[in-house]
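> have a look at this prediction, sequence included:
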Amino acid sequence: MTDIRFDALCIGNAICDVFAHVEDDFLVREDLIKGSMRLIDTEEAVRLYDKMGQTVRVSGGSAGNTAAGIASLGGTPAFFGKVASDELGDSYFHDMKGTGVHFETPRLNGGTPTARSMILITPDGERTMNTYLGACTEFGPADVDPDVVAASAITYMEGYLWDPEEAKKAFLEAAKIAHANGRKVGITLSDSFCVDRYRAEFTGLLRDGVVDVMFANEHEIKALYETADLDTAIAAARESGAMTALTLGENGAMAITREETIKVTAQKVDEVVDLTGAGDLFASGFLFGLARDYDLKSAAELGCLCAANVIGHVGARPETALKQIAGQAGFEV
């Protein structure tokens, strides 16, 4: 069996995040649903960008954020994602390598530009995402490096990548390689709209043992099991056969298996500035914990610590080394 070189391989949309602070009435004028993520075309991307005012640009994407968080903890993450050979692609590639993430996915030459997501942050810290997928849609099985998958303790994919058919094939191929090498496979449900589109397929992944670890928040898990009652959704997750890492915002998080259900409290945050990336960074801590053989309670607590750190500033990447913060909190990192 291949030796483990990477704590986690994160597979997802390589997206440049463009942040702007707006008032709630901006969302009303633009007919946007607060807290949602919608896919937009090039024309809409240009139109909305022109209305956003002052912006901050950061390399992002859900799985990319998770990989960067693992690196900040002192871990060894890898990332699969497609960018174009353009200015944004250069920036994204440089940022990922600079954070310590193994990122060698071949770039797209000509045609579709690198993806970008325009993230509107309202005064309550909630984020509304408008995403142009661009080069991300070209990710496919040919971009899956079997050696990297085999050398990763966990292969983790974002649900957003389930939209393009070739990306779906790529994930299933990576999951097959991971399991053939005795590794775990995880998925994040990404958002409730994503769940609505692929509910049957996501539950099938759990039922068939393709996914070992599912990440979800309260809205997503209720959507998956088509219930308004959280306890009913938790009971269904318990019977799914997979481990569920469930985030509950200010109420903390849970780790759910058939054998046990563990609840941990949220970390205190002086000021919630931007909720972008909270779930992504929770996944960083939880995945790092699983890869390093933490017990489930410690893995969930580390996830909450990472999430609390990122919501105190704009952007979904850590501004201070999480390894230092986790070490001060008593974690072995």
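Here it is on my side, so go on.
> list the buried residues for the worst-scoring helix or strand of the chain on mean pLDDT?
For the chain, using mean pLDDT, DSSP states H and E, the weakest element among its helices and strands is strand 56-60, scoring a mean of 81. Neighbour-count burial for strand 56-60 flags 58, 59, 60 (criterion: 16 or more other C-beta atoms under 10 Å). (Glycine included, C-beta is placed from N, CA and C.)
> mind checking the SS state of the closest residue to the second one other than its chain neighbours?
Read that as residue 59. Counting by C-beta to C-beta, 6 or more residues apart in numbering, residue 95 is the residue found nearest to residue 59 once chain neighbours are left out, at 3.9 Å. Following DSSP: H, G, I helix; E, B strand; the rest coil, we place residue 95 in the helix state.
> residue 95 and residue 107, how far apart?
Here the criterion is C-beta to C-beta, to the nearest Å. By it, residue 95 lies 14 Å from residue 107.
> what does residue 298 give?
38 Å.
> between the two, who's got more neighbours?
residue 298 (20 against 17; other C-beta atoms under 10 Å).
> which ones are touching the more buried one?
Shown in contact with residue 298 (C-beta atoms under 8 Å, 6 or more residues apart in numbering): 289, 331.
> just residue 296 next, same as before
243, 255, 257, 260, 262.
> need the pLDDT of the first one.
pLDDT, the model's per-residue confidence, is 98 for residue 243.
> what's the neighbour count on it?
Applying other C-beta under 10 Å, we find 22 other residues in the vicinity of residue 243.
> what about the residue nearest to residue 205 when sequence neighbours are not counted, distance to residue 70?
Leaving aside its chain neighbours, residue 205 sits nearest to residue 211 (4.4 Å; criterion: C-beta to C-beta, 6+ apart). Note on residue 211: its distance to residue 70, by C-beta to C-beta, is 19 Å.
> who has more neighbours out of these two?
residue 70 (31 against 25).
> element containing that one, please.
In this assignment (DSSP states H and E), residue 70 forms part of helix 62-72.
> picking up where we left off before, how close does the residue nearest to residue 59 get to residue 60?
Applying C-beta to C-beta to residue 95 and residue 60 gives a distance of 9 Å.
> quick check: which element contains residue 215?
According to DSSP H and E, residue 215 maps onto strand 213-217.
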